[in-house]
Every structure is written in C-alpha cells, then in structure tokens.
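Q: Requesting a structural model of the entry that follows:
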Amino acid sequence: MLLESGFEVTVFDKYRRVGGIWSPGGCYDGLANQASLRLFEFADLPNRLHYASAVETQHYLEEYAERFGVLKRLRPATEVVAVRPVDGPGRAGASGWLVESRPVGDEAAPAEQEAFDYVAVASGAHHHVRVPDLPGRELFGGSVLHSNQVRAGTFAGRRVVVVGGGKSALDLVTR
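A: Take a look at the predicted model:
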C-alpha cells in the first residue's frame with residue numbers, strides 16, 4: 001500500500017527470506033496456517049491454499065512481495081537495533097527518524113544509521129520468547145523450551161508435556 005501511495009520504501013527483515021515466522025528459521029517444526037481456503041490472502045493475489053504449511057505460506061508471501069515490488073526494497077538478514085526521532089521542532093518524528101541496523105548475528109558489527117521521513121513497525125506480537133518462572137522449575141531435570149525454540153527432531157525419543165492452550169501449543173501437541 002505504501003508503494004502504491006508513492007512512498008519510497010525500505011524493508012528491513014531479520015530473516016533471509018520474507019514471511020516473518022513463516023520463513024525458514026522463523027518457525028517451529030509443524031507450524032501450519034490455521035486459515036481455510038481464501039481466508040489468508042491479499043485482495044490482489046488470490047490464495048488457493050487450504051490450511052497451508054509454513055513452507056506453502058512463505059511461498060505465497062514471497063510471491064506477493066515479488067509481484068508487487070517489495071523484494072527489490074528488501075534488506076534481508078538485517079535487524080533494526082534502534083529507531084529514534086531526529087531532533088527538531090514539533091512532535092517526536094516531525095523531522096524524521098533515525099534507524100540503526102546491522103547484519104543479523106553479527107553483534108560486533110557497527111550499526112549503520114540512516115534517516116527516513118516515516119517508519120512503520122511490523123515486528124509481530126509474539127516475536128520474543130517468554131517462558132514463565134514456575135515455582136520449582138529449577139528442580140526439573142528435563143528441558144524447558146518455548147515453541148520458537150523447537151525444530152525438527154526436538155521431540156525424537158522424548159516424553160513431552162506441552163503447557164499452554166494457544167495456537168503454537170496445539171501445533172506442537174499434534175507433532
């Protein structure tokens with residue numbers, strides 16, 4: 001929509017491919033789209049997938065990004081480490097924004113700073129791992145993992161208890 005409205009767009013993405021949690025490395029083994037046919041789609045690119053896998057969902061999002069020019073503006077494997085308003089008169093951000101970024105996984109790399117007129121943040125609601133501090137957890141001899149830390153083979157040969165009732169818990173129970 002921003003491109004259609006004439007904005008010059010730069011997209012920073014911490015993953016190597018578009019799609020957020022749907023991209024390789026962004027999802028746990030068994031993540032699937034809970035939307036049935038036509039409920040997960042952009043109006044200008046029909047989606048024929050029905051309860052799609054993470055791979056299929058990522059391909060759909062990548063096709064959209066390619067078709068509508070987003071991939072040309074993408075900086076993959078780049079994390080934003082700070083966003084600050086440019087000093088100036090008026091409300092915060094009235095004079096623009098300073099965005100600091102660096103390559104993912106290279107914490108020693110100096111952050112590159114760029115100025116932008118506007119910033120749109122789309123980081124996802126469940127991006128950061130949060131494991132509750134349960135009484136007696138230190139006495140438990142097994143592994144405690146968040147769904148974001150689960151990969152193929154994590155459960156092989158193990159007895160597993162899933163704590164939670166959200167989408168990721170249901171996905172993991174079926175695995």
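
Q: so what's the residue of the chain most remote from its centre up against?
A: Within the chain, P89 marks the point farthest from the mean C-alpha position, 34.0 Å out by CA atoms, centre = their mean. The neighbours of P89, taking CB atoms under 8 Å, 6 or more residues apart in numbering as the test, are S95. No exception for glycine: its C-beta is placed from N, CA and C like everyone else's.

Q: can you pull the pLDDT of it?
A: In this model, P89 is scored at 94, pLDDT.

Q: Tell me how far it lies from S95.
A: In this view, P89 and S95 are 7 Å apart by CB to CB, to the nearest Å.

Q: What of V119?
A: As judged by CB to CB, V119 and S95 stand 13 Å apart.

Q: what do you get for G69?
A: From G69 to S95 the distance is 28 Å (CB to CB).

Q: Would you map the strands across this protein?
A: Here the chain has its strands, by DSSP state E, at 11-12, 74-75, 78-85, 97-103, 112-116.

Q: Take those and write them to a markdown table, including distance to E56.
A: Formatted as a markdown table, the strands of the chain follow (distance: least, CB to CB, whole Å):
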| stretch | distance to E56 |
| --- | --- |
| strand 11-12 | 22 |
| strand 74-75 | 20 |
| strand 78-85 | 25 |
| strand 97-103 | 28 |
| strand 112-116 | 33 |
